[in-house]
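Participant: give me a model of this one.
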Amino acid sequence: MSCDRKRPDEKSRTVTINNVEPRRDVAGEIIDAHDGCLQFFDGRFYLYGTAYGKTDGMTNNDFRVYSSPDLEHWVFEGALLKERPDAFYYRPYVVFNPNTRKYVLWYNWYPNSKEWFGRHGAAVSDTPIGPFVIVNPDVHLSHSDTGDGSLFVDDDGTGYFIYTAMKEGYTVRVERLTPDYLASTGQASGILAIGTEAPVLFRRNNIYYALCGPRCAFCSEGSEVQVLTSTLPLGAYTSKPKANINRHPENGTPVKSVPELWAVTTSSTNGTLSPGPEDKIPMIIRSKNNPLISAQETWVARIPTPGGPAFIWMADRWQSTPDGIKGHDFQYWSPPLRFEPDGDLMPIENAGHWYISRAP
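Facilitator: A predicted model of the protein is given here:
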């Protein structure tokens with residue numbers, strides 16, 4: 001595959017990525033898969049997400065998976081979790097574990113509306129479409145009351161989890177997982193950012209990119225995206241003053257370094273907050289201006305192409321559907337992310353349509 005923003009020659013076999021109309025499966029139904037991920041396993045694409053249906057999102061949600069040979073023709077494969085207890089479920093992320101040969105699902109959940117205390121669970125399956133069986137319903141991480149989080153598998157097969165700790169001001173950290181990806185080793189980064197959610201982590205060449213943005217619980221205006229980089233998965237991570245890829249350039253940057261308020265003590269096992277001027281940690285502050293794309297990020301998909309992997313930024317456009325049904329809200333898939341020669345990530349492109357050309 002190769003990627004192009006412009007329509008290729010009519011003779012080329014092409015796939016259209018359409019951000020203007022709702023994506024539908026081969027049965028004609030609107031795809032209901034949000035705040036999840038897109039993966040490529042054994043020559044086929046799999047889209048994982050939370051199904052909201054006609055609810056307001058604050059309920060006992062299902063997880064779904066769809067598959068496709070080409071990113072355009074999607075088959076609904078069914079629900080993900082087997083014997084799922086009643087709870088509030090969000091953000092399903094699936095990866096393949098080369099050590100166990102299992103597919104591993106992590107998800108965020110809350111017991112009920114009166115106990116809004118975030119947890120993460122882990123489940124496994126022999127196939128990418130499940131059903132997944134829960135094996136660790138309450139993963140112990142270095143910090144409790146966890147919110148949004150997502151999985152990352154490094155080139156050497158080591159698994160990591162990037163997540164927010166809500167009761168600590170929505171701080172973001174990365175933790176290394178056990179070889180089976182079902183628990184944390186306790187090895188954690190320092191604090192990457194404060195006041196954020198929806199973090200994702202990916203690697204390009206020898207640079208690790210951590211993306212996160214201001215809190216945006218189903219907000220219609222969307223969320224900006226701060227970029228932090230490191231040469232190691234557990235950091236230390238740094239952020240440049242204007243490293244915001246979903247913000248109108250004329251608006252400047254909403255990110256402030258606040259060394260007088262926060263510093264981070266980093267070790268191989270933990271990261272803790274303490275007052276002091278030693279380190280600068282980005283505090284993500286919502287801007288008064290709308291982001292370039294009115295969406296909240298959920299994933300950066302790695303798509304194989306003849307020229308190397310293309311990285312596709314994915315985000316949910318909450319409250320975007322004309323019929324008002326939450327499960328029909330649109331999802332934005334960006335053209336391949338662009339990088340400067342030194343690895344700096346360039347702003348996301350706002351494209352209604354773009355195209356993937358496939359070899360005959």
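Participant: quick one: contacts for the nearest residue to H248 once chain neighbours are set aside?
Facilitator: Distance criterion CB to CB, 6 or more residues apart in numbering; nearest residue to H248, sequence neighbours excluded, is L292 at 5.6 Å. (C-beta placed from N, C-alpha, C; glycine too.) Going by CB atoms under 8 Å, 6 or more residues apart in numbering, L292 touches N246, R247, H248, P347, I348, N350.
Participant: shouldn't Y237 be in contact with T231?
Facilitator: No: using CB atoms under 8 Å, Y237 is not in contact with T231; the gap is 9.8 Å.
Participant: those two: which is more packed in?
Facilitator: Neighbours were counted for Y237 and for T231 using other CB atoms under 10 Å; Y237 has more, 25 against 11.
Participant: any idea how far Y160 is from that one?
Facilitator: Y237 is 13 Å from Y160, where distance means CB to CB, to the nearest Å.
Participant: also G53?
Facilitator: Remark: distance between G53 and Y160 (CB to CB) = 32 Å.
Participant: can you check P128 too?
Facilitator: 20 Å.
Participant: next: P137.
Facilitator: On the measure of CB to CB, P137 and Y160 end up 21 Å apart.
Participant: which of these two has more residues huddled nearby?
Facilitator: Neighbours were counted for P137 and for Y160 using other CB under 10 Å; Y160 has more, 24 against 13.
Participant: identify the bridge partners of the closest residue to L47 other than its chain neighbours.
Facilitator: Of all residues not flanking L47 in the chain, Y66 sits nearest, at 4.5 Å (CB to CB, 6+ apart). Beta bridges link Y66 to L47, F76, judged by DSSP bridges.
Participant: surely Y66 meets F76?
Facilitator: Yes: the criterion here is CB under 8 Å, and Y66 meets it with F76 at 5.5 Å.
Participant: which residues do these two both contact?
Facilitator: D25, I31.
Participant: these two: who's more crowded?
Facilitator: Y66 (22 against 17).
Participant: can you pull the contacts of the more buried one?
Facilitator: Going by CB under 8 Å, 6+ apart, the list of residues near Y66 reads D25, I31, A33, Y46, L47, W74, V75, F76, E77.
Participant: among those, the buried ones, what's the ChimeraX command?
Facilitator: Here is the ChimeraX selection string for the buried members of the contacts of Y66, based on 16 or more other CB atoms under 10 Å:
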select :25,31,33,46,47,74,76,77
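Participant: export the contacts of Y66 to a markdown table and tack on pLDDT?
Facilitator: Shown next, in a markdown table, are the contacts of Y66 (pLDDT from 0 to 100):
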| residue | pLDDT |
| --- | --- |
| D25 | 97 |
| I31 | 98 |
| A33 | 98 |
| Y46 | 98 |
| L47 | 98 |
| W74 | 97 |
| V75 | 98 |
| F76 | 98 |
| E77 | 98 |
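Participant: many thanks, we can stop here.
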